[in-house]
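Visitor: Sequence and computational prediction follow.
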Amino acid sequence: MDRPDAEHPHPHMYRYDEFDAQFVAERVEQFRGQVARRLSGELNEDQFKPLRLMNGLYLQLHAYMLRIAVPYGTLAARQMRKLAHIARRYDKGFGHFTTRTNLQFNWIKLIEVPDILAELASVEMHCIQTSGNCVRNITADQFAGATPDEIEDPRPLAEIIRQWSSLHPEFTFLARKFKIAVIGSETDRAAAQWHDMAVQIVKNALGRTGYKVIAGGGMGRTPYIAHVMSEFVEREDILAYLEAVLRVYNTDSRRDNIHKQRIKILINAIGPEEFRRRVEREFDEIKHIGSLQLPQEELARISAYFEPPAFEKLTDAMPVFESGIGADFENWKKTNVYKHRAPGYAIATISLKEPGKIPGDASADQMDAIADLMDEFSVGEIRVTHEQNLVLPHVKQRDLPVIHAKLKAIGLATPNAGLITDIICCPGLDYCDLANARSIPIAQKLAKRFADLERQHNIGELKIKMSGCINACGHHHAGHIGILGVDKKGVEFYQLQLGGSGAEDATIGDIMGPGFSEHEITDAVERVVDLYLKLRSKDERFLDTYRRVGMEPFKNVAYQEQLNAAYNG
């Protein structure tokens, strides 16, 4: 495996070895032949569909969409520049960052897809397993390797899981897609409990580091929070344990009903105890198989690719910045800057949620400018978050004002991370052929309604998450306020859910009741928020207040306009 060198100046992420590079190149040429056969008519769409999905290519409402894998959300500057180039050359000048930390291009021409894949391969990127009934992109905490609250960086294990699961002969054709997350601390910034399976790095009573494994989480038609499978799995046994979970799922899952094929359905049908018993039986049979053992030296070898940068010896006291910097910077620092593990450093979130813009979108020019910031201030590295933002993980505190100024110049200095306008939103009916309703315009209206920054700070942490259909790509089940687009006889309506969480206190949002029209939903959300401000106790988040007082008062005020109209009518 290649080691970091002068040709590859950003050493803090995994490097392709010769096998990786050769395989991806061969896959590109294989798909080039398949595309040629589709364009010539030798393959019809039904024959071509499974081939394109294996390469992350979807056919949506208006064009092909290409989904690019960003493993555990980590990107190098050269990769960001390549994404900018592809956006400019092959798309309409922008890309869309998703809740799986991937990037999607929504206006792709089929004939150009092989060339795009070749361009991606040149910077060690691909679209393999971003679709289909397989193990999808492995996600992780966007603060990995930078936050002081983690036991250890979860990305080495995420990379090992990625290698183990890629083109796994037994798990390439599962009953349904399978999503895995890895976190390294008690604080869950990756929505781990909403995944098919997740691994948390933990220490046992003896102080030994190992892994807690959970499984059976998921959103969509039947949302569930994951169940604990094992409180502690030894380091060397983790791949065998994960394989045991997947084997039980692959063997026992239903394949006769598309709505009942996820692991969450199986676990909740037979019960967590029975599923755990089957996993332990399988684990006992396979845990001594040599190919499934994870030697300490292999973990150390992979971990070497994620060694932290050589941080300068700085003081941890945040510098006192000149008063001339202004309120814009102070507001941004208040919401978008976080404590770093190294003294004198910080973690900075780049919000892709400027009110009025499309959540998660970045233009080619913005991506190029971000790559420059990565090289100049963040050791050539950035992270993609499941909340559709970007993170500069290693920046010096003294550089924060100039970083802010440069972000402001490209329209990416919105100071709203974690606030009500930091809205998660799927592409909805503007792009997706599965959607029942548009989500982007509603998210834009809500962000504009609450755009006043003083009002946002007064409201405090409040996460709005919105999906255009029951598949829940916008994580509406996990929103403090969740919004689901539904279709009623050809008319778009929006159902409110309250009280969800994607953090370590994960909960499923409660459905309020009948949906609101597109003209009513923004007002209904505002009435809910205004009531929260009246009901909250000191320092209570919206989620805390909702859990204390329940649905009824919010439901009464949300439907007030409809009740008044009915009464006056």
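Guide: Thanks, I have the structure now.

Visitor: Okay, strands next: where are they in the stretch 301-450 of the chain?
Guide: Using DSSP state E, counting those that start in this stretch, the strands of the stretch 301-450 of the chain run over 337-339, 345-350, 361-363, 381-384, 390-396, 424-425.

Visitor: These: which one's closest to residue 160?
Guide: Checking the strands of the stretch 301-450 of the chain against residue 160 by Cβ to Cβ gives strand 381-384 as the closest, at 18.7 Å. Yep, even glycine has a C-beta here, placed from its N, CA and C like the rest.

Visitor: Determine which of the strands of the stretch 301-450 of the chain approaches residue 119 most closely.
Guide: Once these are compared by Cβ to Cβ, strand 361-363 is nearest, at 17.7 Å.

Visitor: So what touches that closest one?
Guide: 87, 93-97, 352, 370, 390, 412 (Cβ atoms under 8 Å, 6 or more residues apart in numbering).

Visitor: repeat for stretch 481-493
Guide: Contacts of stretch 481-493 (Cβ under 8 Å, 6+ apart): 428-429, 435-439, 442, 462-470, 472, 474-476, 494-498, 500, 509, 514-518, 521, 525, 528-529, 542.

Visitor: So how do I select the buried members of those in ChimeraX?
Guide: To isolate the buried members of the contacts of stretch 481-493 in ChimeraX, using 16 or more other Cβ atoms under 10 Å:
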select :428,429,435,436,437,438,439,442,462,463,464,465,466,467,468,469,470,472,474,475,476,494,495,496,497,498,500,509,515,516,518,521,525,528,529,542
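
Visitor: Let's see which of the contacts of stretch 481-493 end up in helices.
Guide: Counted as lying in helices by DSSP state H, out of the contacts of stretch 481-493, are 442, 521, 525, 528-529, 542.

Visitor: Of all pairs in those, which one is the farthest apart?
Guide: Top of the distance list for these (Cβ to Cβ): 442 and 542, 18.7 Å.

Visitor: Identify the residues contacting residue 413.
Guide: 328, 332, 351, 404, 407.

Visitor: Can you pull out the low-pLDDT segments for this structure?
Guide: 1-11, 317-324, 563, 565-569 (pLDDT under 70).

Visitor: all helices for the stretch 301-450 of the chain, in order.
Guide: Under the criterion DSSP state H, counting those that start in this stretch, helices of the stretch 301-450 of the chain are mapped to 327-336, 364-377, 400-409, 440-449.

Visitor: A strand includes residue 230, no?
Guide: Yes - counting by DSSP: H, G, I helix; E, B strand; the rest coil, residue 230 is located in a strand.

Visitor: quick one: contacts for it?
Guide: So residue 230 contacts 211-213, 241, 276 (Cβ under 8 Å, 6+ apart).

Visitor: Please identify the buried residues of stretch 260-279?
Guide: 260-267, 275-276, 278-279.

Visitor: Out of these, which sit inside helices?
Guide: Those of those mapping onto helices are 263-267, 275-276, 278-279, per DSSP H.

Visitor: Quick check: of those, which lies closest to residue 455?
Guide: residue 264 (37.7 Å).

Visitor: hang on, the closest one packs against residue 194?
Guide: No - using Cβ atoms under 8 Å, residue 264 makes no contact with residue 194, being 9.7 Å away.

Visitor: list residues touching both of these two?
Guide: 217-218, 226.

Visitor: Let's see which of those end up in strands.
Guide: Under the assignment DSSP state E, the shared contacts of residue 264 and residue 194 contribute nothing to strands.

Visitor: need the contact list for residue 461.
Guide: 418-419, 480, 541-543.

Visitor: What is the most widely separated pair among these?
Guide: The most widely separated members of these, counting by Cβ to Cβ, are 419 and 543 (13.7 Å).

Visitor: just to revisit the earlier point, in TSV, list the ones in helices among the buried residues of stretch 260-279 along with distance to residue 21.
Guide: Shown next, in TSV, are those (distance: Cβ to Cβ, whole Å):
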residue	distance to residue 21
263	33
264	36
265	39
266	37
267	38
275	39
276	40
278	39
279	35
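
Visitor: Out of those residues, the closest to residue 400 would be?
Guide: Using Cβ to Cβ, these come closest to residue 400 at residue 264, 41.7 Å.

Visitor: gap between that closest one and residue 272?
Guide: 11 Å (Cβ to Cβ, to the nearest Å).

Visitor: With residue 384 instead?
Guide: Look at residue 384 and residue 272: by Cβ to Cβ, they are 32 Å apart.

Visitor: for residue 512, same thing?
Guide: 29 Å.

Visitor: What of residue 539?
Guide: Where residue 272 is concerned, residue 539 sits at a distance of 35 Å (Cβ to Cβ).

Visitor: Over to residue 172?
Guide: 27 Å.

Visitor: Likewise for residue 551?
Guide: Where residue 272 is concerned, residue 551 sits at a distance of 27 Å (Cβ to Cβ).

Visitor: Kindly report the same for residue 394.
Guide: Residue 394 is 39 Å from residue 272, by Cβ to Cβ.

Visitor: Can you give me the distance of residue 107 to residue 175?
Guide: 32 Å.

Visitor: Neighbour count for those two, which is higher?
Guide: When residue 107 and residue 175 are compared for neighbours, residue 175 comes out ahead with 22 against 17, by other Cβ atoms under 10 Å.

Visitor: what residues are up against the more buried one?
Guide: 133, 249-250, 253-255, 261-262.

Visitor: out of the ones in helices among the buried residues of stretch 260-279, who's nearest residue 449?
Guide: residue 264 (34.5 Å).

Visitor: burial count for residue 86?
Guide: Residue 86: 24 neighbours (other Cβ under 10 Å).

Visitor: Quick check: the gap between it and residue 538.
Guide: 49 Å.

Visitor: Please apply the same query to residue 442.
Guide: 32 Å.

Visitor: Please apply the same query to residue 271.
Guide: Residue 271 sits 42 Å away from residue 538, going by Cβ to Cβ.

Visitor: What of residue 157?
Guide: 40 Å.

Visitor: So these two - more neighbours on which side?
Guide: Set residue 157 next to residue 538 and count neighbours by other Cβ under 10 Å: residue 157 wins out with 26 against 4.
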